[in-house]
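*Asks:* just to be clear, the model below is a prediction. Sequence and coordinates:
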Amino acid sequence: MMLFRKNDAPLDFDFSKVTEKSRDNPVFYVQYAYARIFSVSRKLQELNINISFDYKDLSDTDYTLLNDIQEIKLIKKLAHFPKILQQTLQNHEPHRIAYYLYELSSDFHTLWNKGNDNENLRFINIDNKDLTKSRISLLLAISNVLKSGLDIIGVNSPQEMN
C-alpha cells in the first residue's frame with residue numbers, strides 16, 4: 001500500500017484497506033488480475049482445449065485477430081512497461097510501478113467484464129482456436145508483466161486467490 005504513494009506524499013495508513021478484498025485495495029486488485037488470468041489456463045484444461053500458457057506453443061499466433069479496442073489498449077499499455085521501469089529508476093519513484101500495475105489490472109478487468117457481457121470477447125472461443133490462441137498470448141504477456149512488476153516491488157503473485 002505504501003508503494004502507491006509518491007516519496008513526498010504524506011502517508012495515511014488505513015489498516016482496513018490493507019485487508020479489504022476489493023478494488024480499493026490496490027495490492028489485492030493486481031493480485032486478483034494475475035490469479036484471474038490463470039483461471040483461464042485452468043478452464044482450457046477443463047475444456048480439453050490443447051493451448052498452453054507457453055510462448056513456444058503460441059509462436060504461430062495471429063495478433064491481427066486482437067482488434068477490440070480494449071485488447072488494443074492493453075497491448076499499448078504493455079508496451080509502456082520498459083519506459084515505466086526506466087522512469088522509476090531515473091527518478092527513484094517506485095510508486096510508478098505500482099500505479100502502472102494497477103492501471104494494467106484495471107484494463108484487464110475491463111476486458112474480462114466485456115467478455116462476460118459479450119461472448120465474442122471471451123478469452124476462450126471454442127469455435128475459433130486461432131482467436132483463442134491470440135487472446136491467450138495476450139494474457140500470457142499481461143501475466144508476465146504483472147509478475148515482473150509485483151516481484152520488483154516485493155509482492156507475491158498468486159495463481160489462485162483464496
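*Replies:* It's in. Numbers count the residues shown, from 1 in each chain.
*Asks:* so after the worst-scoring helix or strand of the chain on mean pLDDT, what's the next helix or strand?
*Replies:* Lowest by mean pLDDT, DSSP states H and E among the helices and strands of the chain is helix 15-19, with a mean of 46. Moving toward the C-terminus from helix 15-19, the next helix or strand (DSSP states H and E) is helix 26-46.
*Asks:* list the helices and strands that next one packs on?
*Replies:* Contact analysis of helix 26-46 by 3 or more CB pairs under 8 Å, 6 or more residues apart in numbering; DSSP states H and E lists helix 95-117, helix 129-152 as its packing neighbours. From N, CA and C alone the C-beta is placed, and that goes for glycine too.
*Asks:* could you dump those to TSV with mean neighbour count and mean pLDDT?
*Replies:* Shown next, in TSV, are the helices and strands packed on helix 26-46 (neighbours: other CB atoms under 10 Å; pLDDT from 0 to 100):
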stretch	mean neighbour count	mean pLDDT
helix 95-117	18	97
helix 129-152	19	97
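*Asks:* of all those helices, which one is nearest Phe28?
*Replies:* When the helices and strands packed on helix 26-46 are compared by CB to CB, helix 95-117 sits nearest Phe28, at 10.0 Å.
*Asks:* and that closest one with helix 26-46, angle?
*Replies:* Per axes from the mean of the first three to the mean of the last three CA atoms, to 10 degrees, the angle that helix 95-117 makes with helix 26-46 is 40 degrees.
*Asks:* which residues sit against helix 95-117?
*Replies:* By CB atoms under 8 Å, 6 or more residues apart in numbering, the list of residues contacting helix 95-117 from outside reads 3-7, 23, 26, 29-30, 32-33, 36-37, 68, 70-71, 73-74, 77-78, 80-81, 84-85, 87-88, 121-123, 142, 145-146, 149-150, 152-153.
*Asks:* much appreciated, bye for now.
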